[in-house]
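Visitor: how would this look folded up:
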Amino acid sequence: MSRRTGKVMIVLLMPLWISVPIVAQDASLIDSLKVKLDQSADTAHIDILFLLSIKYQHFKPDSAMYFARQALKESQSIDYFKGQGDALISIGRLKRDKGNYSEALEDLFRSLKIYKSISDSSQIGNALNDISIVYAYSKDYDQSLVYFNEALDIFRKTGNEKGESQALNNIGLIYLEKNDLEQAETYMLRSLAIKKIRNDLPDISSGYANLGSIMAQAGEKEKALQYYLQANDLFLKTNNKTGLASNYIAVAGLELDAGNIEQANIYAQEALATAESIDSKPFIEESSALLVGIAEVKEDYNTAFKYLKINSAVRDSLYNETNSRHLEELKAKFNEEENLREIALLKKDQEIQKANIRQKDIFAYALIAVTFLSLIILALVYVAYRTNRKKREMLAFKNEKIRSQREDLRRLNQDKDQLFSIISHDIKGPLNSLRGFSHLLIHHVDKISPDEIREMGAQINQSLENLNELLDNLLAWSTRQSGQGKLRIEEININDLIHKNIELYSLTAASKQIRLVDNTEGDVIALADYNSVHTILRNLISNSLKFSYPNSDIVIGAMQYQDHVSVTVKDEGVGMSEAVVSELFNLSKQKSQKGTSNERGTGFGLILCQQLVTENNGTISVKSEVRRGSEFTFTLPVPNSHKVSHNTMGSEA
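Guide: Down below sits the predicted model:
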């Protein structure tokens, strides 16, 4: 569906005993529930916490989350399973409304499992419906349709008219996303008829909004606008801010298509303000994108740039959350493949054991039979002995092969997990920012002020530097993993490498007013791979530059001892706590960090340094103190001809 028709309103299903009255009634009911909350205990107290969470969902989501989590905590303390399921379904809805789809699915599937364990058919239908909504928001429409139909079947069997109307509504929306407008309208009208009989204002409002989306996609703009405005009145009456944000986006899109620029701007501004009031990232993204388009039509490029920055920030946040969900799904698939392989290996084990047992049975029967023939007995015993020995040897060989395959499989999956966690982290975000800024520079450079161009240029340059460093490290790491990169161990001059890396980073250091100091004097000779040591120094100096304060020093020095060379990179930067230092070389614990000038660092370069140092028969260590700086030291072997005690720390470079 076109972005300008707005997000369709997929219905969030409430429990059977809850209706959504108009605002005055809701306020009165909330006050009444708060009074009862202080007077209740145990399960009754938990049920009221859940009702308060539902009432606050669409206009005070933070309060709703507080009550839902309190309900979950108290339910778990007394093993009240229905209360746990209700609290989890409310938490899942609130996370979904904020765009945290992977976490929402986790909570909703937990609630479904609990409801099934206590055979609560009504809430099983509710959980299935909410799971379907998250899949629909994630654009997995086929999976969403499966769960919606399961929910519809349960609602009909239990006589739940509210649930039936909402499931029909949601199935209609899936057909809308599949561009089957006839089916979409049929299901939506069937749903709306039930809602009107029940006089269910919140659900009627969502029905009007969804019919508006269908008419908009069918090209009937006037009918669409009528439906959206009817929905708007009801969203205002019921204080449904989620619905209002979605509806404002849809109406703004229609007005923009009709050429009513000022009306479109008013509705888009309302959409953004409403979305920000409930911290809904998906709606903030859509409304800010719409405002960028409106500003460009008005040739107001300062305003377009303002909203582009808002849109870029929230889009990066949504991308990281979505990427995390995709990464977890990939990991689950790899784990499933690993389990299938292990099952196959176990089956082979069992077949071998069964064959061995059958052979032993045959041997036992043979012993009974040959009792009468001593010579034949001796021959059969000898043959059986030789046969069993060969089979035992074969069994031992196969068991060892299975163990080796299982270990190889474990290492393979670890490597895959590492690679996916790196790729998902920092490549897409900078590219999205570059795309947005380059669009303005290409099409509207004459309308943008010099200060804004310089700001965009600085951001583009920083993004490219981050990408280049990440790709260099990824290339080096993948070369090591594939076994294609062979080390060339030879005598190398560490002093030359230090000079080259200082020259390489001189401009970057100057831009931050940082001095690069070479404290190495004379030749320091090590026995190592030249490219490996160059990569290690490059990453350590780059890391120090990112986290050093302006007007500070970074000191690089080398010392030659009897049996090794020691190289140190010391800065006066932000430093690290003991907890951070302990996880510094653990890839699974790495998180993106901001430098003193907002440079982005993944920590992957330090992992690569550790690997390269180890491959060159050396060690790496770190000392750090918060706000005092960090000192990285690595060692390398020395050639036999240079195994003398020689201190080379000297003057400033």
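Visitor: what stretches of the stretch 201-350 of the chain score poorly on pLDDT?
Guide: 318-350 (pLDDT under 70).
Visitor: just the helices in it please.
Guide: For the stretch 201-350 of the chain, the helices defined by DSSP state H, counting those that start in this stretch occupy 201-217, 221-238, 241-257, 261-277, 281-297, 301-369.
Visitor: turn these into JSON lines, columns for mean neighbour count and distance to residue 103.
Guide: In this view, the C-beta of every residue, glycine as well, is placed from N, C-alpha and C. Converted to JSON lines, these look like this (neighbours: other Cβ atoms under 10 Å; distance: least, Cβ to Cβ, whole Å):
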{"stretch": "helix 201-217", "mean neighbour count": "26", "distance to residue 103": "24"}
{"stretch": "helix 221-238", "mean neighbour count": "19", "distance to residue 103": "26"}
{"stretch": "helix 241-257", "mean neighbour count": "26", "distance to residue 103": "18"}
{"stretch": "helix 261-277", "mean neighbour count": "20", "distance to residue 103": "19"}
{"stretch": "helix 281-297", "mean neighbour count": "23", "distance to residue 103": "13"}
{"stretch": "helix 301-369", "mean neighbour count": "14", "distance to residue 103": "8"}
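Visitor: which of these sits closest to residue 558?
Guide: Comparing these against residue 558 with Cβ to Cβ, the closest turns out to be helix 301-369 (39.8 Å).
Visitor: per-domain residue ranges of the chain.
Guide: Following automatic domain parsing, the chain resolves into domains at 3-238, 324-426, 487-642.
Visitor: among these, which is the most enclosed?
Guide: domain 3-238 (a mean of 20; mean count of other Cβ atoms under 10 Å).
Visitor: turn the helices of the stretch 201-350 of the chain into TSV, including distance to residue 124.
Guide: Formatted as TSV, the helices of the stretch 201-350 of the chain follow (distance: least, Cβ to Cβ, whole Å):
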stretch	distance to residue 124
helix 201-217	20
helix 221-238	27
helix 241-257	24
helix 261-277	32
helix 281-297	27
helix 301-369	23
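Visitor: tell me the first helix or strand C-terminal of the helix or strand where residue 581 lies.
Guide: Using DSSP states H and E, residue 581 maps to helix 578-582. Toward the C-terminus, helix 578-582 is succeeded by strand 593-594 as the next helix or strand (DSSP H and E).
Visitor: re the thing from before, least confident of the domains of the chain, on average?
Guide: Note on those: domain 324-426 shows the lowest mean pLDDT, a mean of 68.
Visitor: residues touching residue 146, list them.
Guide: residue 132 (Cβ atoms under 8 Å, 6 or more residues apart in numbering).
Visitor: how near is it to residue 173?
Guide: 15 Å (Cβ to Cβ, to the nearest Å).
Visitor: strands of the protein, start to end?
Guide: Taking DSSP state E as the test, the strands found in the chain are 489-493, 515-518, 525-529, 553-560, 564-571, 593-594, 600-601, 620-625, 629-637.
Visitor: need the ones you listed in a markdown table (columns: distance to residue 217).
Guide: Output for the strands of the chain, formatted as a markdown table (distance: least, Cβ to Cβ, whole Å):
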| stretch | distance to residue 217 |
| --- | --- |
| strand 489-493 | 66 |
| strand 515-518 | 60 |
| strand 525-529 | 61 |
| strand 553-560 | 59 |
| strand 564-571 | 58 |
| strand 593-594 | 42 |
| strand 600-601 | 40 |
| strand 620-625 | 57 |
| strand 629-637 | 57 |
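Visitor: among these, which comes closest to residue 506?
Guide: Using Cβ to Cβ as the measure, strand 515-518 is the one of these that comes nearest residue 506, at 6.7 Å.
Visitor: point out the other helices and strands that the closest one packs with.
Guide: With contacts taken as 3 or more Cβ pairs under 8 Å, 6 or more residues apart in numbering; DSSP states H and E, strand 515-518 sits against helix 494-504, helix 506-511, strand 553-560.
Visitor: tell me which of these sits nearest to residue 247.
Guide: Ranking those by proximity to residue 247 (Cβ to Cβ) places helix 506-511 first, at 48.1 Å.
Visitor: got the contact list for the closest one?
Guide: By Cβ under 8 Å, 6+ apart, helix 506-511 touches 515-516, 545, 554.
Visitor: one step back: among the helices of the stretch 201-350 of the chain, which is nearest residue 443?
Guide: Per Cβ to Cβ, nearest to residue 443 of those: helix 281-297, 8.4 Å.
Visitor: quick one: the closest one to helix 261-277, angle?
Guide: Angle between the axes of helix 281-297 and helix 261-277 is 150 degrees (criterion: axes from the mean of the first three to the mean of the last three Cα atoms, to 10 degrees).
Visitor: other SSEs contacting helix 281-297?
Guide: Based on contacts counted as 3+ Cβ pairs under 8 Å, 6+ apart, the elements that helix 281-297 packs against are helix 241-257, helix 261-277, helix 301-369.
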